[in-house]
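Trainee: Using only what follows, build the 3D model:
(one chain, ligands or ions: 1)
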Amino acid sequence: QTEQIQQLDSQHHLHPFTTHQTLRAASGPRVIVKGEGAYVFDSEGNRILDGMAGLWTTNIGYGSKELAQAAYDQILELPFYNTFFKTTHPPVVALARKLAELAPANLNQVFFGSSGSESNDTAIRLIRHYWVLKGEPKRRIIISRKNAYHGSTIAAGSMGGMSHVHQHSYPVYEGFRHVMDPYWYGESFDGETPEAFGLRAARAIEDEILRCGPENVAAFAGEPVQGAGGVKIAPDTYWPEVQRIVDKYGILLLADEVITGFGRLGTWFASEYYGIRPDLITFAKAATSGYVPLSGVLVGDNIADALMAENDDFNHGYTFSGHPVACAVALKNLEIMERDRLVPRVKETTGPALARMLARFKDHPLVGEVRSVGMMGAIELVADKKTRRRFSDLGRVGLICRDHFFRDGFIMRAVFDTMVCAPPLIWADTQFEEASAVIERALDQTLQDVKG
Ligand code: PLP
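Mentor: Numbers count the residues shown, from 1 in each chain. Sure thing, here's the model as predicted:
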């Protein structure tokens, strides 16, 4: 049966971010058939510990009957209705209110979508429309960072800073500029402290604002922690300086919390963790713990007030904006997270446990740096620990290591040669111990493979 599924997959299914030739040449994709708690199961009956919460999504873990029941009840009650025709429905209103309660105080309105990419496209439109409403239509440029990931639609992909994503935009959409990311381990000068580096990385934004002319700049956008870029955690000096700069030039701040939203750092939103005051927060993924698609933009009072004062349509929206089933599942998911104290537990127990687990490997000969914040972390593999020199064929060793993890029943993602993890927030001691044992074996095996 596994082979049959693999064969059909190869005949009919195009995968995201995948080299199809390699996928076909190999034995085919592993077929995942079930999830339970912190584990998924493949079609051969193997149990796999999920160190990536699906794809930064499954914060409450797999197999929640409560979420299934919430979806079932809502499907029977009202499976779908739009929110275009001067219509609304109870789950969308309840969820918008709940999100406004959890978000920073100035964010009280929500525009819904289904994916993180859509939420960032919405934010880009809202930002540019805001400046038109304010009588400053020249403000169009959005500054973001190299290696940022904001999604795969053409606008969100252009706001992202990954060259391999830009490659398929033919060309990158106009009005986006990218500055250095706050990646101390890879980008700092010899002897530069993280604090000094954090200030330098933030001031690259100011330099870009001045190069563009402040009167042309609409916003700065960033992930509080770059996730898909390799869990790059900014030094403590970075975000306060970013806030100072956006305030000084009066530009909007967009925090892309598609990964960091809903507790990953031990606060509902990472903006709270870093003490920043965004004008917009985009979210998706863990809003429903990934059980059904739902995303959105939390919109600041300044932008919402401008929209309310406009006597015209905001011509933007998705059929599934505020989908009732997705909203009902999100509400139940947030209720479970609150009841089970999953967010404070990141601060109290799970986050420190992840940091301790990763610290065990910092002296391994392959490991350049381990880093983590809350329940997201990374192990960066390098060719030379002393000089931080990377492997010349970037990404090869990461894949070797990832395959060792996978064979041993554990998932971490390889971002080139950086092994990234973001476990479900329900991990307990058993899972940290299990992961630790696999990582230890996999690093040793990878070292042998690299040397051999
Ligand atoms: N923003 C960030 C920070 C992401 O990590 C992602 C996806 O991983 C997105 C946006 C895009 O979300 P989606 O894949 O749901 O479109």
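Trainee: and the closest residue to the ligand within the stretch 1-150 of the chain, what does it touch?
Mentor: Of all residues in the stretch 1-150 of the chain, G116 sits closest to the ligand, at 2.2 Å by C-beta to the nearest ligand atom. C-beta: built from backbone N, CA, C; applies to glycine. Contact partners of G116, counting by C-beta atoms under 8 Å, 6 or more residues apart in numbering, are 150-151, 156, 256, 258, 282-285, 295.
Trainee: V299 and the ligand, how far apart?
Mentor: 17 Å (C-beta to the nearest ligand atom, to the nearest Å).
Trainee: give me the element that residue is part of.
Mentor: Using DSSP states H and E, V299 sits in strand 295-300.
Trainee: which residues of the stretch 251-400 of the chain fall in strands?
Mentor: With DSSP state E, counting those that start in this stretch, the ranges of strands along the stretch 251-400 of the chain come out as 252-256, 280-283, 295-300, 367-373, 376-381.
Trainee: Show me what the fourth one pairs with in its sheet, parallel or antiparallel.
Mentor: Read that as strand 367-373. Note on strand 367-373: by DSSP bridges, its sheet partners are strand 376-381 (antiparallel).
Trainee: Enumerate the residues of this protein near the ligand.
Mentor: Within reach of the ligand by C-beta under 6 Å from any ligand atom, the chain has these residues: 115-117, 120, 149-151, 223, 227-228, 256, 258-259, 284.
Trainee: ok, G227 touching G377?
Mentor: No: G227 lies out of contact with G377 (C-beta atoms under 8 Å); the separation is 11.0 Å.
Trainee: Now do the shared contacts for the two.
Mentor: 420, 422.
Trainee: T418: neighbour count?
Mentor: 26 (other C-beta atoms under 10 Å).
Trainee: Can you report how many residues neighbour Q21?
Mentor: 8.
Trainee: ditto for F220
Mentor: Residues lying near F220 (other C-beta under 10 Å) number 28.
Trainee: did I read that right, it in a strand?
Mentor: Yes: applying DSSP: H, G, I helix; E, B strand; the rest coil, one finds F220 inside a strand.
Trainee: Any idea what it is bridged to?
Mentor: Following DSSP bridges, F220 is listed with bridge partners I143, L253.
Trainee: and what of F112?
Mentor: G296.
Trainee: Show me how the record splits this structure into domains.
Mentor: Domain assignment for the chain, taken from automatic domain parsing, gives 31-60+341-451, 66-339.
Trainee: Which residue, other than its chain neighbours, is closest to the residue of the stretch 301-450 of the chain found nearest the ligand?
Mentor: Residue nearest to the ligand within the stretch 301-450 of the chain: A422 (10.1 Å; C-beta to the nearest ligand atom). Distance criterion C-beta to C-beta, 6 or more residues apart in numbering; nearest residue to A422, sequence neighbours excluded, is M376 at 4.4 Å.
Trainee: The one you found and R264 touch, don't they?
Mentor: Yes: with contacts counted by C-beta under 8 Å, M376 reaches R264, the gap being 5.6 Å.
Trainee: which residues are common contacts for those two?
Mentor: Counting by C-beta under 8 Å, 6+ apart, the common neighbours of M376 and R264 are 56, 422.
Trainee: who's more crowded, those two?
Mentor: Neighbour tally, M376 and R264, criterion other C-beta under 10 Å: the higher count belongs to R264, 30 against 26.
Trainee: Would you check that the more buried one makes contact with S289?
Mentor: No: using C-beta under 8 Å as the test, R264 is too far from S289 to be in contact (12.0 Å).
Trainee: does P344 really touch G266, like I thought?
Mentor: Yes: applying C-beta under 8 Å, one finds P344 in contact with G266, separated by 7.0 Å.
Trainee: okay, those two: which has more neighbours?
Mentor: G266 (22 against 13).
Trainee: Enumerate every residue touching that one.
Mentor: Residues in contact with G266 (C-beta under 8 Å, 6+ apart) are 273, 343-344, 346-347, 351, 374-375.
Trainee: Just the ones of the residues you listed in helices?
Mentor: 273, 343-344, 351 (DSSP state H).
Trainee: Contacts for stretch 377-395, please.
Mentor: Contact with stretch 377-395 is made by 185-186, 230-231, 354-355, 358, 361, 365-372, 397-398, 401, 412, 414-422, 439, 443, 446, 450, as judged by C-beta under 8 Å, 6+ apart.
Trainee: Rounded mean pLDDT for it, please.
Mentor: Per-residue pLDDT over stretch 377-395 has a mean of 95.
Trainee: Could I get the buried residue list for it?
Mentor: Going by neighbour count (16 or more other C-beta atoms under 10 Å), the buried part of stretch 377-395 is 377-383, 385, 390-391.
Trainee: Then stretch 145-162?
Mentor: Residues of stretch 145-162 classed as buried: 145-162 (neighbour count, 16+ other C-beta under 10 Å).
Trainee: Also stretch 171-187?
Mentor: 172, 175-186.
Trainee: repeat for stretch 22-32
Mentor: Neighbour-count burial for stretch 22-32 [16+ other C-beta under 10 Å]: 23, 29-31.
Trainee: Please apply the same query to stretch 13-23.
Mentor: Neighbour-count burial for stretch 13-23 flags L23 (criterion: 16+ other C-beta under 10 Å).
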